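S.K.: Next one to model:
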Amino acid sequence: MRALTWHGKHDVRVETMPDPQIVNPRDAIIQVTSTAICGSDLHLFDGVIPGMQAGDILGHEFMGRVVDVGPGSTLKVGQRVVVPFTISCGSCFFCQRAQFSACDNSNPADKQDLTETMFGHAAAGLFGYSHLTGGYPGGQAEYVRVPFSDVGPIVIPEGMDDDDVLFLSDILPIGWMAADNADIEADDTVVVWGCGPVGLFAIQAARLMGAARVIAIDHYPNRLALARRMGAEVIDFKQTSVLEAVMEMTGGIGADAVIDAVGMEAHGFALDTVMDNLKQAVGVGADSGHALREALMAVRKGGRVSVPGVYGGFMDKFPLGALMQKGLQLRTGQTHVQAYTHDLLRRIQEGELDTTFMISHRLPLEEAVKGYEGFRWNQNDWTKVVLKT
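M.R.: Numbering: from 1, shown residues only. This next block holds a predicted model:
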């Protein structure tokens with residue numbers, strides 16, 4: 001089969017790889033019809049996530065048609081399915097509490113040591129996202145093996161277009177859980193840092209959950225235009241002091257809830273960002289946390305902080321005093337995708353959610369390298385890339 005593989009920083013290649021096979025009784029083999037490039041994939045492309053090995057197959061946003069199943073799978077050959085990026089067993093302590101991204105059994109025991117040391121507990125398994133999370137081959141390929149296929153994949157009715165449902169695999173539930181974690185109430189003002197795909201879905205979710213105002217922060221004109229389309233007011237952080245603008249727009253109180261949809265690779269020319277980026281460049285391993293620092297300062301006393309943005313290491317200059325003194329609520333984590341997919345599919349079917357507005361490019365899998373380069377270096381025009389096999 002053809003698949004996109006990782007070979008180092010800014011070095012990805014479409015190569016011929018072995019076809020996947022059924023390994024465990026609950027496995028299924030999916031013939032991928034659509035897959036997407038995620039902002040989290042850019043962390044791998046930029047070389048800031050450890051645990052990658054040359055030849056690893058990338059991709060964790062994918063869907064397709066079932067072509068083979070193990071005897072323990074509940075799927076049937078021929079079904080169309082969207083596959084969550086989180087691999088979950090369905091029966092451990094955490095899965096039983098619908099905390100699917102904290103699954104205790106999906107990351108093989110021989111790969112758990114490093115994340116257990118880093119985080120206090122081992123991470124769950126994820127598709128196409130380093131050997132820290134299981135080393136599972138990803139979905140930017142013609143075929144993929146799906147473990148625990150009786151738990152994760154959601155069957156899609158015939159007649160629905162791939163583009164309508166593909167993002168159920170990752171960014172739509174991420175944006176929804178980001179807003180859910182913010183405990184949005186009627187008349188709330190919610191501020192979202194980052195108008196990439198997750199931020200845009202968080203804006204849409206916040207509006208549907210009843211937020212009176214959503215303020216979106218970015219600097220790419222096209223992404224800010226998409227945020228306006230979702231009903232947000234916007235701040236261009238290159239033109240305006242974000243903290244001053246938020247305080248002015250909220251009468252000096254601050255935002256009721258804030259969402260950091262940027263994560264560990266914040267860019268810009270703020271002093272803390274420059275220092276963080278320099279440390280990343282020389283291998284110190286500090287996450288660039290400008291967006292989170294700013295969000296903690298901009299939220300009102302007693303406010304809520306939601307962090308869907310990916311962080312993987314350590315952060316300098318964390319305003320812990322602001323978190324404590326202001327009495328803030330902080331919620332974060334990899335998304336429990338399986339807890340949201342059925343409700344979100346219903347909302348798509350009923351026309352409540354717009355899932356295709358951000359797609360800027362559709363490319364064949366063979367042009368995946370072009371997709372990565374465009375998405376990384378021209379984020380104003382390349383807002384979301386979908387690859388077709």
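S.K.: check contacts around Thr355.
M.R.: By CB atoms under 8 Å, 6 or more residues apart in numbering, Thr355 lies in contact with 163-167, 172, 348. Where you see a C-beta, it was placed from the backbone N, CA and C, and this is true even at glycine.
S.K.: relative to its centroid, which residue of the chain is most remote?
M.R.: Gly251 (32.5 Å; CA atoms, centre = their mean).
S.K.: Give me the phi and psi angles of Phe148.
M.R.: Taking degrees, to the nearest 10, you get phi 50, psi 50 for the backbone angles of Phe148.
S.K.: about what we covered before: now the two most distant members of the contacts of Thr355.
M.R.: Within the contacts of Thr355, Asp163 and Leu172 form the most distant pair, 11.9 Å apart (CB to CB).
S.K.: In terms of neighbours, single out the busier of those two.
M.R.: Leu172 (29 against 15; other CB atoms under 10 Å).
S.K.: which element is the spatially closest residue to the more buried one that is not a sequence neighbour on?
M.R.: Spatial nearest neighbour of Leu172, excluding adjacent residues (CB to CB, 6 or more residues apart in numbering): Phe201 at 5.4 Å. Under the criterion of DSSP states H and E, Phe201 resides in helix 197-208.
S.K.: What mean pLDDT does that helix get?
M.R.: When pLDDT is averaged over helix 197-208, the result is 97.
S.K.: Next: stretch 344-361.
M.R.: Computed over stretch 344-361, the mean pLDDT rounds to 96.
S.K.: Now that stretch: buried residues?
M.R.: Neighbour-count burial for stretch 344-361, counted by 16 or more other CB atoms under 10 Å, picks out 344-345, 347-348, 353, 355, 358-361.
S.K.: Distance to Gly196 added to those residues, as a markdown table?
M.R.: Output for these, formatted as a markdown table (distance: CB to CB, whole Å):
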| residue | distance to Gly196 |
| --- | --- |
| Leu344 | 19 |
| Leu345 | 23 |
| Arg347 | 21 |
| Ile348 | 20 |
| Leu353 | 17 |
| Thr355 | 15 |
| Met358 | 9 |
| Ile359 | 13 |
| Ser360 | 12 |
| His361 | 14 |
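S.K.: can you tell me which of these are in helices?
M.R.: Residues from these lying in helices, with DSSP state H as the criterion: 344-345, 347-348.
S.K.: re the thing from before, now flag whichever of the buried residues of stretch 344-361 is closest to Pro319.
M.R.: Met358 (31.2 Å).
S.K.: Count the residues that sit near Gly138.
M.R.: There are 26 residues near Gly138, going by other CB under 10 Å.
S.K.: ok, and what's touching stretch 47-56?
M.R.: So stretch 47-56 is contacted by 5-10, 15, 17, 43-44, 114, 128-133, 135, 137-138, 264-265, 280, 312 (CB under 8 Å, 6+ apart).
S.K.: Return the residues in contact with Phe375.
M.R.: Listed by CB under 8 Å, 6+ apart, the contact set of Phe375 reads 37, 42, 382, 384-385.
S.K.: what sits against the residue most central in space within the chain?
M.R.: For the chain, the residue nearest the mean C-alpha position is Ile171 (5.0 Å; CA atoms, centre = their mean). The neighbours of Ile171, taking CB under 8 Å, 6+ apart as the test, are 36, 38, 61, 197-198, 201.
S.K.: separation between the closest residue to it other than its chain neighbours and Ala261?
M.R.: The shortest distance from Ile171 to any non-neighbouring residue, by CB to CB, 6+ apart, is to Pro197 (4.6 Å). According to CB to CB, to the nearest Å, Pro197 stands 9 Å off from Ala261.
S.K.: How about Pro108?
M.R.: Remark: distance between Pro108 and Ala261 (CB to CB) = 30 Å.
S.K.: Of the two, which one has the most company?
M.R.: Comparing Pro108 with Ala261 by other CB under 10 Å, the one with more neighbours is Ala261, at 31 against 13.
S.K.: Now do that one against Asp19, distance only.
M.R.: Relative to Asp19, and taking CB to CB, Ala261 is found at 36 Å.
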